[in-house]
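In: let's see this in three dimensions:
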Amino acid sequence: MNSRTDGAARKADGDLGIVKKSGTNLQYTDLAPGATATSHRTSSLDYNILISGKLILIMEDGLETTFDTPGDVVVQRGTIHAWKNPGPEWARWITILIDAKPALVNGKALESAIIP
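Out: The predicted model follows:
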């Protein structure tokens, strides 16, 4: 919705505090060498674009995919996933999160979650 509100002042009011309901959010993430981001799922449509470093995408079933070329892209919706930086450098990627209805499996909505 267009308004005079500065976009930086708008709060993400959707899944996990990173998705903007009925909107789009762009964020960047820096991950230290050897670090792993928490496994999670959002109902948004996500475009993840590697800027620098190396990342390993870890899916719920344990499948791992390595991204090591700046510009590598992965598009996700409704997946449980985590990110790992195998090092030796910091990794940075941007994510464009577009609000979407939750993905359905056998008629059941896959809700957002943080998986310990």
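In: any figure for the gap between the nearest residue to residue 35 once chain neighbours are set aside and residue 30?
Out: Spatial nearest neighbour of residue 35, excluding adjacent residues (Cβ to Cβ, 6 or more residues apart in numbering): residue 85 at 5.5 Å. Quick note: C-beta positions are derived from backbone N, CA and C, even for glycine. For residue 85, the distance to residue 30 equals 9 Å [Cβ to Cβ, to the nearest Å].
In: joint contacts of the two?
Out: residue 91 (Cβ atoms under 8 Å, 6 or more residues apart in numbering).
In: between the two, which one's more packed in?
Out: Between residue 85 and residue 30, residue 85 has the larger neighbour count (other Cβ atoms under 10 Å), namely 21 against 13.
In: tell me the contacts of that one?
Out: 31, 32, 33, 34, 35, 36, 53, 54, 55, 56, 91.
In: excluding residues flanking it in the chain, which one is nearest the third one?
Out: By that I understand residue 33. Nearest one to residue 33, counting by Cβ to Cβ, 6+ apart, is residue 87 at 3.2 Å.
In: next, count neighbours for the one you found.
Out: 14.
In: was I right to think residue 53 contacts residue 90?
Out: Yes - contact criterion Cβ atoms under 8 Å: residue 53 and residue 90 qualify, at 5.6 Å.
In: neighbour-wise, which of these two wins?
Out: Set residue 53 next to residue 90 and count neighbours by other Cβ under 10 Å: residue 53 wins out with 21 against 14.
In: before we move on, back to that, tell me the buried residues within the contacts of residue 85.
Out: 31, 53, 54, 55, 56, 91 (16 or more other Cβ atoms under 10 Å).
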